[in-house]
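A.B. asks: sharing a model prediction with you, sequence too.
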Amino acid sequence: MALQPVNRRSVTEDVFDQIVTDVLSGELAPGHPLPSERRLAEVLGVSRPAVREALKRLAGAGLIEVRQGDTTTVRDFRRTAGLDLLPQLLMRGGDLDLSVVRSILEVRLHNGPKVAELAAGRGGPELGDRLDAAISALADEVDPVAAQRHALAFWDHLVDASESIVFRLMYNTLRTTYEPALPALAAMMAAEVGRPDAYRAVAAAVVAGDPPTAFDAARRLLEPATTALLDALGALETR
């Protein structure tokens, strides 16, 4: 565990980030004991309250287990952490983790049609104007990154209409994780965001209150680009 002195502009955040990095990399394996608060403060060159606050955040994120009067140990984040860990998992050491990208794409393809299905059953005709505005902006956009943002706005409306707090929170995390990668994905997503008619088919089924058709239309919209991206990731992983 190679701890470094902390930049005092954001002490708690830096302590948190250093330990998260070691946990996610496997350098701190599940069951591994952490140094005491006092020792961490000495090594990092920070105050014990800053270390204590970082440990509270780590415990809240499901990364460590703090037992009063006992050793603090690392937990298996795959079993105890939540989606809020996804951004740190996606980018590690300045590189994209391709397995995490693949997982995001798989969830996108699985959840998108279900969100459209729920929106069709719960959204109502008043949703039509918002979806039409997002599609019109998408159809008129020439910048590929901006086009992806219009597509995200379209899905944002559908998630709202689904009236599912779980899908909303999942979408928030996935979007926060996904957005920094928009420029890198622009070329591969062009085929999807360049199909406004496919978005109109989803919107029409949602506004008509036809859940099965909305599900199928969303699947047809998402599947081609997702499959292409998954194939490309498979080729990169093979290399």
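C.D. replies: Looks like it arrived, so ask away.
A.B. asks: now the residue lying farthest from the centre of the chain, what's its secondary structure?
C.D. replies: Relative to the mean C-alpha coordinate of the chain, counting by C-alpha atoms, centre = their mean, the farthest residue is G69 (35.7 Å). Three-state assignment for G69 (DSSP: H, G, I helix; E, B strand; the rest coil): coil.
A.B. asks: could you say what helices and strands the helix or strand hosting H110 packs with?
C.D. replies: Taking DSSP states H and E as the criterion, H110 maps to helix 98-122. Packing contacts for helix 98-122, counted by 3 or more C-beta pairs under 8 Å, 6 or more residues apart in numbering; DSSP states H and E, involve helix 86-90, helix 144-162, helix 165-178, helix 196-207, helix 211-238. In short, each C-beta sits where N, CA and C put it, glycine included.
A.B. asks: quick check: next helix or strand after that helix?
C.D. replies: Criterion used, DSSP H and E; the element after helix 98-122 is helix 128-140.
A.B. asks: output the contacting helices and strands for that next one.
C.D. replies: helix 144-162, helix 196-207.
A.B. asks: avg pLDDT for the shortest one?
C.D. replies: Averaging pLDDT along helix 196-207 yields 97.
A.B. asks: cool, and stretch 73-84?
C.D. replies: 91.
A.B. asks: before we move on, back to that, look up how far I19 lies from the residue farthest from the centre of the chain.
C.D. replies: To I19, G69 is 21 Å away according to C-beta to C-beta, to the nearest Å.
A.B. asks: what of L85?
C.D. replies: 13 Å.
A.B. asks: same thing with T71?
C.D. replies: 15 Å.
A.B. asks: so where's the chain shaky on pLDDT?
C.D. replies: The model of the chain has pLDDT under 70 over residues 1-9, 93, 239.
A.B. asks: got the domain boundaries for it?
C.D. replies: 8-81, 87-238 (automatic domain parsing).
A.B. asks: so which residue is dead centre in the chain?
C.D. replies: So for the chain, C-alpha atoms, centre = their mean, it's L174, sitting 2.6 Å from the centre.
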